[in-house]
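> show me how the following folds:
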Amino acid sequence: MASSDTDEITAANQRNSPFLRLPAEIRRTIYTYICSSMIINRMV
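I've put the predicted structure just below:
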């Protein structure tokens, strides 16, 4: 896949994804919450 193709796909994803339109700080908080939950579930 050419670089321009991946750039177009990335731009389309950013426009169409409600999650990717969230500010980075909120996305990071969600990722942290999800990942910490996964770790806790595996330890149980």
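
> which SS class is D5?
At D5 the chain is in helix, as set by DSSP: H, G, I helix; E, B strand; the rest coil.

> and it, what does it touch?
With contact set as Cβ atoms under 8 Å, 6 or more residues apart in numbering, D5 has no partners. The way it works is simple: take the backbone N, C-alpha and C, and place the C-beta from them, glycine included.

> which residues in this protein form strands?
Read by DSSP state E, the chain holds no strands at all.

> name the nearest residue to L22, ignoring sequence neighbours.
Spatial nearest neighbour of L22, chain neighbours left out: I30 (7.8 Å); criterion: Cβ to Cβ, 6 or more residues apart in numbering.

> can you count the residues close to that neighbour?
12 (other Cβ atoms under 10 Å).

> do the one 4 residues further on as well
Counted with other Cβ under 10 Å, residues neighbouring I34 total 9.

> for it, report the pLDDT, please.
Here, the pLDDT recorded for I34 equals 84.

> for it, give me its contacts.
With Cβ under 8 Å, 6+ apart, I34 has no contacts at all.

> ok, now how distant is it from I9?
Distance check for I34 against I9: by Cβ to Cβ, to the nearest Å, it reads 24 Å.

> could you list the low-pLDDT ranges of this protein?
When residues are selected by pLDDT under 70, those of the chain lie in 1, 37-44.
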